[in-house]
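Engineer: Make a model of this:
(one chain, ligands or ions: 1)
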Amino acid sequence: MSEAKIVVEAAEKNKDPIFKVLEKVIPEKFGGDASLSALEISSGSGQHAVYFAERFPKITFQPSDVEEKYIASIKEYISGAKLQNVKEPIVIDVSKPTSEWATTVAEKSLDVIININMIHITPYNCTEGLFAAAGKLLRAGGIMATYGPYAIHGEITPESNVSFNESLKSQNAEWGLRDIDDLEKEAKKNGLTFDAMFDMPANNKTLIWVRSDSE
Ligand SMILES: C[S@@+](CC[C@H](N)C(=O)[O-])C[C@H]1O[C@@H](n2cnc3c(N)ncnc32)[C@H](O)[C@@H]1O
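Structural biologist: Numbering: from 1, shown residues only. Down below sits the predicted model:
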């Protein structure tokens, strides 16, 4: 295996449960046969982008990350998979406004944004940036799927998530589980609404956000 190719155990475990949620939600929102455009923000290794691209041949996936080591890993997964519907990764620092991204992504050009296991493990300005980007880049009716552990209405459950939150904060005081109420505020600021929450293995959730009609 190439040195650049990173294998993340959690991504290996959660890629199929997340795919199963997308497989249900995407046809419900867009119909079963639509050709769609998806941006993954903070793709990490590239395991998810390639797994999803193999299973959604009509969706064109644009993976991205802020770190060069992940960009290199994503490239390895793409070249191994030989897929037509996944683009070369781009560098996106989601803490920055979309106007400052290294690559331009056209406003209202996306149907789907995917963001897995980033919100709790980055400073809050990345969450703000993520929702701001979704507001700008999704077309009306487009969706964003965010995956990870969350606090729900001020409460973190079960105990293992409480400990996880403490351990995140001890690594970086700016990290930690975000409350879905705060995420809803970010959504509202940017023309998105909370649509659905799916229970996932290991006390995670997938949240679906929808871009409302254009303002
Ligand atoms: C825990 S990893 C998750 C990666 C991948 N989504 C997965 O589930 O395996 C967190 C990711 O957030 C990315 N990240 C951190 N800060 C970021 C930023 N400012 N903009 C975009 N991505 C960022 C990291 O580079 C890393 O890929």
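
Engineer: Tell me which other helices or strands the one helix or strand Lys188 maps to touches.
Structural biologist: Counting by DSSP states H and E, the element that carries Lys188 is helix 180-189. Contact here means 3 or more Cβ pairs under 8 Å, 6 or more residues apart in numbering; DSSP states H and E; on that basis helix 180-189 packs against helix 124-137, strand 150-151, strand 192-200, strand 204-211. All C-beta spots, glycine's among them, are computed from the backbone N, C-alpha and C.

Engineer: so which of these comes closest to the ligand?
Structural biologist: The closest approach between the ligand and any of these, judged by Cβ to the nearest ligand atom, belongs to helix 124-137 at 4.9 Å.

Engineer: now the helix holding Lys188, how far from the centre of its chain.
Structural biologist: Remark: helix 180-189 is offset 16 Å from the chain centroid, using Cα atoms, centre = their mean, to the nearest Å.

Engineer: what mean pLDDT would you report for it?
Structural biologist: Mean pLDDT, taken over the full extent of helix 180-189, equals 98.

Engineer: Ok, stretch 82-94 next?
Structural biologist: Average pLDDT, stretch 82-94: 97.

Engineer: what's the span of that stretch, first residue to last?
Structural biologist: Stretch 82-94 has its terminal residues 28 Å apart, counting by Cα to Cα, to the nearest Å.

Engineer: Thanks again, I'm all set now.
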